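Asker: Next input, structure requested:
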Amino acid sequence: MSRTSINLRKLDFSPVENPFLEGSELRTRYKTVRTRTAPRDLMDPDTGEVVGQSVIHVIEEKDEEHFVKVFAEGVKAAYDLSRTGYRVFQAVLTEYQRSKMTGGYSDSVNLIWFDDGLNGHSLDMSDRTFHNGLKELIQKGFLKPKLPNQFWVNPALFFKGDRVAFLREYRLRSVTNGHRALGRS
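Answerer: Numbers count the residues shown, from 1 in each chain. The predicted structure is shown next:
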């Protein structure tokens, strides 16, 4: 990226309209940052209140190894996975990546534990640890039983794509009737 020098004595002024109202974009070598404000005609479905919000959208390029790591860590954080749940998620994700695709995706994965490993691949965990993590993934909606040793996968959490977006919304906590209420005034 070439950096243009800013000369404070020769600025392009915009006295009538704020140029940021349509959003802005900054590109660096491996990242793009876009900002905008969401229109004020968004409605909070819980309160009926008309709200707007600021959006900061960061797009980062990662190689395949780092992409998978960032994806798995983002899912771990979003779902509050335990260390065991996270380790089993990584193992299941690896098996999912190895599974045969039909119509551009796989909707299920075979998970057979034998010889201290998953589907014939050694894992550094006991069968009890694996099964505890598997229970957590089922409980938190990552997997649903299809057949013995075969599980439906949540397509938002298991995919073979090349991009993922984690959206985190922050709302200002307010106090109502002496109690804290999230997003309510």
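
Asker: Enumerate the positions of stretch 111-124 that are buried.
Answerer: Residues 111, 117-119, 123 are the ones in stretch 111-124 that count as buried (16 or more other Cβ atoms under 10 Å). C-beta: built from backbone N, CA, C; applies to glycine.

Asker: For the spatially most central residue of the chain, list the residues it contacts.
Answerer: Nearest residue to the geometric centre of the chain (Cα atoms, centre = their mean): Phe166, 3.2 Å. Phe166 makes contacts with 74, 78, as judged by Cβ atoms under 8 Å, 6 or more residues apart in numbering.

Asker: Need the three-state assignment for it.
Answerer: Judged by DSSP: H, G, I helix; E, B strand; the rest coil, the three-state class of Phe166 is coil.

Asker: So for Val88, what's the nearest residue that isn't a sequence neighbour?
Answerer: Gly133 (2.7 Å; Cβ to Cβ, 6 or more residues apart in numbering).

Asker: element containing the one you found, please.
Answerer: Per DSSP states H and E: Gly133 is located in helix 127-139.

Asker: And whatever helix or strand comes next after that helix, what's buried?
Answerer: Next along the chain after helix 127-139, taking DSSP H and E as the criterion, comes strand 143-147. By neighbour count on 16+ other Cβ under 10 Å, the buried set for strand 143-147 is Leu143.

Asker: Other residues contacting strand 143-147?
Answerer: With contact meaning Cβ under 8 Å, 6+ apart, strand 143-147 is reached by 92, 108-109, 134, 137-138, 151-154.

Asker: quick one: which of those residues is nearest to Lys160?
Answerer: Here the nearest of these to Lys160, counting by Cβ to Cβ, is Val153; it sits at 11.0 Å.

Asker: burial count for the residue nearest to the closest one when sequence neighbours are not counted?
Answerer: Spatial nearest neighbour of Val153, excluding adjacent residues (Cβ to Cβ, 6+ apart): Val109 at 5.6 Å. For Val109, the number of neighbouring residues by other Cβ atoms under 10 Å comes to 21.
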